[in-house]
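*Asks:* Pasting the sequence and the predicted model now:
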Amino acid sequence: MVEDIIVEAGAKTELDHIKSTSDVYQLNDSTEIYQYNATQSTSVDYHRNVYAAYLSSTFKIFKFLDMKAGFRSEYTEANANFSNTGNVNMKTLQHPHTLFSGFTYILKESNNKIGILSSH
């Protein structure tokens, strides 16, 4: 019976860092020279960290039916620093921690999969 059980686990991390600068130059009509405009120029420094892990198990219910059940957890941190407005912590704008669960039923005939039914 134990050889009919498969356990899977894994983890993933994404660390994103994006910097962007938008320099605006305006044409001075009297000198016909483009001059830097500090009030319209901006920059952003954006950070997002995503941490995820999962655990699942596949086991035989009957000779013709397998079931796979599992959980996945995900945690996200995000913030941005804008040159014209300051730091924005985006945790308050979203749910930083999410938990998912799911079940999959696999109908088999002579060790060949013939149908899959999922429920999440």
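*Replies:* Right, received. Where do you want to start?

*Asks:* so who does the residue positioned nearest the centre of the chain touch?
*Replies:* When the chain is reduced to its mean C-alpha position, the closest residue under CA atoms, centre = their mean turns out to be V50, at 6.0 Å. Taking CB atoms under 8 Å, 6 or more residues apart in numbering, we find V50 in contact with 12-14, 16, 74-76. Bear in mind the C-beta positions are built from the backbone N, C-alpha and C, glycine included.

*Asks:* burial count for A38?
*Replies:* Neighbour count of A38, defined by other CB atoms under 10 Å: 11.

*Asks:* What is the three-state secondary structure of it?
*Replies:* On the three-state scheme (DSSP: H, G, I helix; E, B strand; the rest coil), A38 is labelled coil.

*Asks:* for it, what are its contacts?
*Replies:* No contacts exist for A38 under CB under 8 Å, 6+ apart.

*Asks:* So what does it have for phi and psi?
*Replies:* When read as degrees, to the nearest 10, the backbone of A38 gives phi -70, psi -30.

*Asks:* Per-residue pLDDT of it, please?
*Replies:* Model confidence at A38, expressed as pLDDT, equals 88.

*Asks:* Can you check the pLDDT for the closest residue to E77 other than its chain neighbours?
*Replies:* Spatial nearest neighbour of E77, chain neighbours left out: N49 (4.6 Å); criterion: CB to CB, 6 or more residues apart in numbering. At N49, the model reports a pLDDT of 90.
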